[in-house]
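Peer 1: have a look at this prediction, sequence included:
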Amino acid sequence: MDFENEALRQKAVIAGLRERFDKEYEKTGRKKTYCCVTFGCQMNARDSEKLSGILEDIGYERVEDEDADFIIYNTCTVRENANQRVYGRLGALKKLKEKRPGMLIALCGCMMQEPQVVEKLRKSYRHVDIIFGTHNIYKLAELIHDRLESGSMIIDLWKDTDKIVEDLPNRRKYPFKSGINIMFGCNNFCSYCIVPYVRGRERSRRPEDIIEEIRADVADGVVEVMLLGQNVNSYGKNLDTPMSFAQLLTEIEKIDGLERIRFMTSHPKDLSDELIEVMSRSKKICRHLHLPLQSGSSRILKQMNRKYTKEDYLLLVDKIKAACPDISLTTDIIVGFPGETEEDFKETLDVVEKVRYDSAYTFIYSKRTGTPAASMTDQIPEDVVKDRFDRLLSMVQEISADVCARHTGQVMDVLVEQINNQDNHLVTGRLSNNTVVHFPGDPSLIGRIVPVYLKECKGFYYIGEAQSIGEEVNG
Ligand code: 5AD
Ligand code: SF4
């Protein structure tokens, strides 16, 4: 397939469908609607923006509830409960579709890359119209076209791909910030994780494509970007002209009008001194690093195939804190990996105590079919895991409340994101270190960076007061 021209080909399909939908609209006077439900991580959220772009270019109008002409679930499969939620909601959709015969139901994303899932859907969920995976989301218009022509279930799944299709439609969720894929896939094969099987091998986008996308976003009002990849620290290794992640960041920093740069996720084994250096002297790279620990036990880390020890991790954290003293660290931790003993678990608690994370996402180990950990003997009983999980969570919360409060009384820049959900006299935004701040303000502030006096910390967020620039704070 000629991937350079693939975007053009898809645009032609979109135009064809648009014409067809416009004609229907002339007859019915009613626009068709779509509802896109996203499960899982920021990578999926970004994919959903691309799916929305295609659907809106075809002529669908977005609605938030599922009583729509086109419903798409962008699924996650990182833990089993994500799959259960999809099956549950699909069951409910069946009744909705009976009442609304023209309705189309599409499923895509990580869960669809698992053959046993697709088998189950094919047999027991015949009301699904279109199934595709993670590698071919750019084809959505073509799949809709094929479904309308054939009248039968369309399944289009690729095991992997080494190609990236650029320049497709897109609808950003926020006018002032955007997610930018810098790479796709993962080569790490952590033994518990299904991502490398469902997202394929690592591929980096060309730096010029990334920069061009960010420039266009900035010209369109974006001030903050989140660079996305399963392991951003190994960016650029497979490019024709290899480039490091730190070098990419240095180039992105030069973009005028761009104020904040975030990135996610960093694998500790690949976090270079060069990156720490670039972060420490940057004015734009946010003071936040998400550095998944997974376990504090070197023995378990080996079983997990993480390729670092507890000591390596702690050393890395020391280096980062020395270079960027105001950095916020967050992490992911799995409890109850096969063979985890009380001693192993205490090593995890020890790291949490030493690092003092701003926040930690804690997960109960979930067995994923096909991963090496799924066939390990010595799976941990549920009650033991639950007890450890609760103990970890309370330690994380206690430390987090303390750590988050460290800027009380200071004035810091907040990027205002929205009107507060509970009180419309307040606006809600984020500090560079990602902590949430609520303060009195109006919608005109949305998308702007405002200096805010951080009056009071309430656990994991602040209540503040906007400062006019140059105003001194007393006390
Ligand atoms: N069970 C529990 N948590 C998992 N994660 C990945 N795979 C599993 C699993 N099988 C967690 C890891 C990862 C985060 C995105 O999800 O902590 O960093
Ligand atoms: Fe999964 Fe490990 Fe890759 Fe992260 S680095 S996506 S945990 S395999």
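Peer 2: Alright, I've got the coordinates. Ligands and ions are numbered 1, 2, ... in the order given.

Peer 1: residue contacts, residue 272?
Peer 2: 233, 244-246 (C-beta atoms under 8 Å, 6 or more residues apart in numbering). For glycine as for every other residue, the C-beta is placed from the backbone atoms N, C-alpha and C.

Peer 1: same question, residue 376
Peer 2: 191, 303, 338-339.

Peer 1: circling back: taking the contacts of residue 272 one by one, which sit in strands?
Peer 2: When the contacts of residue 272 are checked against strands (DSSP state E), there are no matches.

Peer 1: which among those residues gets closest to ligand 2?
Peer 2: Ligand 2 lies nearest to residue 233 out of the contacts of residue 272, by C-beta to the nearest ligand atom, at 10.0 Å.

Peer 1: burial count for that closest one?
Peer 2: By the criterion of other C-beta atoms under 10 Å, residue 233 has 20 neighbours.

Peer 1: and the gap between it and ligand 1?
Peer 2: Using C-beta to the nearest ligand atom, to the nearest Å, one gets 14 Å for the distance from residue 233 to ligand 1.

Peer 1: what about this protein, any weak spots by pLDDT?
Peer 2: Applying pLDDT under 70 to the chain picks out residues 1-4, 469-475.

Peer 1: list the contacts of residue 261.
Peer 2: 224-225, 227, 249, 252-253, 282, 284-286.

Peer 1: show me which residues of the protein sit near ligand 1.
Peer 2: Neighbours of ligand 1 within the chain, by C-beta under 6 Å from any ligand atom: 78-79, 192-193, 292, 294, 332, 334, 363, 365-366, 368.

Peer 1: rerun that using 8 Å as the cut-off
Peer 2: By C-beta under 8 Å from any ligand atom, the residues of the chain that approach ligand 1 are 41, 78-79, 190, 192-195, 265, 292, 294, 332-334, 361, 363-368, 371, 373.

Peer 1: report the contact partners of whichever residue of the stretch 201-350 of the chain sits closest to ligand 1.
Peer 2: The stretch 201-350 of the chain approaches ligand 1 most closely through residue 332 (3.4 Å), counting by C-beta to the nearest ligand atom. Residue 332 sits next to 290, 292-294, 360-363 when contact means C-beta under 8 Å, 6+ apart.

Peer 1: starting at the chain centroid, how far to the helix or strand hosting it?
Peer 2: Using DSSP states H and E, the element containing residue 332 is strand 328-335. How far strand 328-335 lies from its chain's middle: 15 Å, per C-alpha atoms, centre = their mean, to the nearest Å.

Peer 1: what residues sit buried inside that strand?
Peer 2: For strand 328-335, burial by neighbour count (16 or more other C-beta atoms under 10 Å) applies to 328-331, 333-335.

Peer 1: picking up where we left off before, make JSON lines out of the contacts of residue 376 and add distance to residue 52.
Peer 2: Shown next, in JSON lines, are these (distance: C-beta to C-beta, whole Å):
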{"residue": "191", "distance to residue 52": "35"}
{"residue": "303", "distance to residue 52": "40"}
{"residue": "338", "distance to residue 52": "39"}
{"residue": "339", "distance to residue 52": "43"}
